[in-house]
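[1] generate coordinates for the sequence data below:
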Amino acid sequence: MRESPSVWAFPTILTLHTTGMAILVGASWLLDLRLLGVAARNTPLSAFRWVFPAITFGLIVNLVTGVFLFIKNAATWGTAVPFGVKMLLVVTSVVLLLPIRKYVNGSAAGEAGGNVRLLAIASILAWTGAVTAGRLLAYLVV
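    Predicted coordinates:
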């Protein structure tokens, strides 16, 4: 991207990364808020199965565009603390989705139990931390 003759290379990749993040984190938060009983209480959990393909799509978009963004500043970001924190939180967030997905796909329509609520809270905190750490890269790492 740095050597690209196009003025649009970097902004396009960054826009795609932001869009993928919005899909990924937005769908995850929507499910987490439902599991916490904050939103859509009367909607059965089975109606939220659609979020997993959306999350997968957003994750794939972010993986591809994230590699391009990383390559642009690999020497700098590879040793930056905010980048390491971001990657740790992204992996944590994705790992948290696995038992949540198992719960939602196995649920008929019931309310979320205590364990899955803790997973939802951890997911919200981890995604928030990952997004924050990602934004801090622009300000703390030059």
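[2] spit out the contact partners of Ala133.
    Contact analysis of Ala133 by C-beta atoms under 8 Å, 6 or more residues apart in numbering lists 82-83, 85-86, 89. For every residue, glycine as well, the C-beta is placed using N, CA and C.
[3] which residue is the nearest non-sequential neighbour of it?
    Once flanking residues are discounted, Ala133 sits nearest to Lys86: 3.8 Å by C-beta to C-beta, 6 or more residues apart in numbering.
[4] buried residues in the helix or strand that contains the one you found?
    Here Lys86 is covered by helix 81-106, with elements defined by DSSP states H and E. Buried residues in helix 81-106, defined by neighbour count with 16 or more other C-beta atoms under 10 Å: 82-83, 85-87, 89-90, 92-94, 96-97, 100, 103-104.
[5] in the helix or strand bottoming out on mean pLDDT in the chain, what's buried?
    Sorting the helices and strands of the chain by mean pLDDT, DSSP states H and E puts helix 74-77 at the bottom, at a mean of 88. Within helix 74-77, the residues that qualify as buried are Trp77, counting by 16+ other C-beta under 10 Å.
[6] that one packs against which elements?
    Of the remaining helices and strands, none touches helix 74-77 by 3 or more C-beta pairs under 8 Å, 6 or more residues apart in numbering; DSSP states H and E.
[7] got the CA coordinates for it in PDB?
    C-alpha atoms of helix 74-77 as PDB (Å, rounded to 0.1, in the frame of the first residue of the first chain):
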ATOM      1  CA  ALA A  74       5.000  -4.500  10.400                       C
ATOM      2  CA  ALA A  75       8.300  -3.400  12.000                       C
ATOM      3  CA  THR A  76       6.600  -0.800  14.200                       C
ATOM      4  CA  TRP A  77       3.400  -2.600  15.000                       C
END
